[in-house]
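Participant: sequence below, structure please.
(chains A, B and C)
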Amino acid sequence: MAYETPEPKKKSTGDVSRALLRWYDKNARSLPWRIGPAARKAGKRPDPYAVWLSEIMLQQTTVATVAPRYSEFLKRWPTVDDMAAAPLDDILGQWAGLGYYARARNLHKCAVEVAACGGFPDTEEALRELPGIGQYTAAAVAAIAFDKRAVVIDGNVERVVSRLCAIDTPMPAAKPVIKTQAEKIWPQKRSGDFAQGLMDLGAEICRPKSPSCLICPISSACEALAQGKQEYFPVKAPKKEKPHRKGVIFALINTKGEMLFERRPEKGLLGGMLGLPGSDWAPVPPSKIFESAPLKARWNHIGNITHTFTHFHLMLDVYIAKAPKGFRRVADQKWIAPSQAKLPTVMKKAVSLAMENSRGEK
DNA sequence: TACACGTGGGC
DNA sequence: TGCCCAAGTGT
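Facilitator: Numbering: from 1, shown residues only, chains lettered A, B, ... in the order given. Sure thing, here's the model as predicted:
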């Protein structure tokens, strides 16, 4: 018998947005910064400050990581005016461990600007001018907080749309293609719910690995599924190899058991954060190891720690010593009890190793 | 356009 | 263990 399977009925673009919104109405994740679809329909609007804060924290960071940290931020600084009035170092300390510290520096800068203007602007264009707000965040805040129609494209949306339309141009060249296709399915109303629905779909159904196409509300319109190539999209360029870098780092301990920390330069890696003094991080270990030490002392090598950043692997040799009588810290240095220091993770690792080996050094 | 910029969890 | 990935932005 030569009968072919009839082509399944494809949905129109309007059908896709209706199906997605219907799915979102029933399956929206309950998140601390979110007004659910039912309350939203009843007219409840989220606080733009809360939406903005959550969006900044969620940049390249998982929902599971952000949720508790978001609540702490909101409790400490309930309004944008509170945040604007806080010292930058308090923001950075509260941000410690979250990574991408430029977000925290821009968070403060943005809060100051917004507080000075009496509130957040409500258009994508004006939001886009604020520090730390790029194309994605401007669209997200405009849509979610202000109910504006804005095409919100994050990693989830890219994945869903590239599969839906089987876009085989490799990333990031596919971005304009994805934008064009997203524009076609984007509804005029409920833009914020549609964006969040697409993101929930990407997180829970249209996952990077083993997507749950069987329960996907828009599977009948999915070209990737029709081709049996769900996981093939989005097509990505091959990754570059991470280089290895090395350095040394010094833990100086005083008689109170405090450790000497420095505030790192405002720009660049871990900018503005607290860290232990040490060498630069280069492809080779420093030739004159003790030139970067905070003083001449009997430094005791206790081992090394490793850490992988986005773009390189790092190995640091860790040295400890006890501060001699009469040692005076310089301006940007501070004595802090190690348990109380708000540190980036790589520094936490070095401090932990130093603490484990500090018997006899304090 | 390409790269700098963190971290923790999953497999 | 090591690689992939997560609601991106700035330069």
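
Participant: close to DNA strand B: what parts of the stretch 151-300 of chain A are there?
Facilitator: A:P172, A:A173, A:K209, A:K240, A:G268, A:L269, A:L270, A:G271 (Cβ under 7 Å from any atom of the strand). (Each C-beta comes from the backbone N, C-alpha and C, glycine too.)

Participant: look at the last one and give its secondary structure.
Facilitator: So the one you mean is A:G271. Here A:G271 is coil, with the state taken from DSSP: H, G, I helix; E, B strand; the rest coil.

Participant: would you agree it is in contact with A:R103?
Facilitator: No: A:G271 lies out of contact with A:R103 (Cβ atoms under 8 Å); the separation is 11.0 Å.

Participant: give the buried residues for stretch A:247-255.
Facilitator: A:G247, A:V248, A:I249, A:F250, A:A251, A:L252, A:I253, A:N254 (16 or more other Cβ atoms under 10 Å).

Participant: ignore the last one, stretch A:78-96
Facilitator: Across stretch A:78-96, burial judged by 16+ other Cβ under 10 Å covers A:V80, A:D81, A:M83, A:A84, A:A86, A:I91, A:L92, A:Q94, A:W95, A:A96.

Participant: need the contact partners of it.
Facilitator: A:49, A:52, A:72-73, A:76-77, A:101, A:103-105, A:107-108, A:111-112, A:114-116, A:119-120, A:263, A:272-274, A:342-344 (Cβ atoms under 8 Å, 6 or more residues apart in numbering).

Participant: now, which of those lie within helices?
Facilitator: When DSSP state H defines the helices, the subset of the contacts of stretch A:78-96 inside them is A:49, A:52, A:72-73, A:76, A:103-105, A:107-108, A:111-112, A:114-116.

Participant: is the closest residue to DNA strand C within the stretch 251-362 of chain A in a helix, a strand, or coil?
Facilitator: Proximity of the stretch 251-362 of chain A to DNA strand C (Cβ to the nearest atom of the strand) peaks at A:T310, 6.7 Å away. Following three-state DSSP, the label given to A:T310 is coil.

Participant: what residues does it make contact with?
Facilitator: A:T310 neighbours (Cβ under 8 Å, 6+ apart): none.
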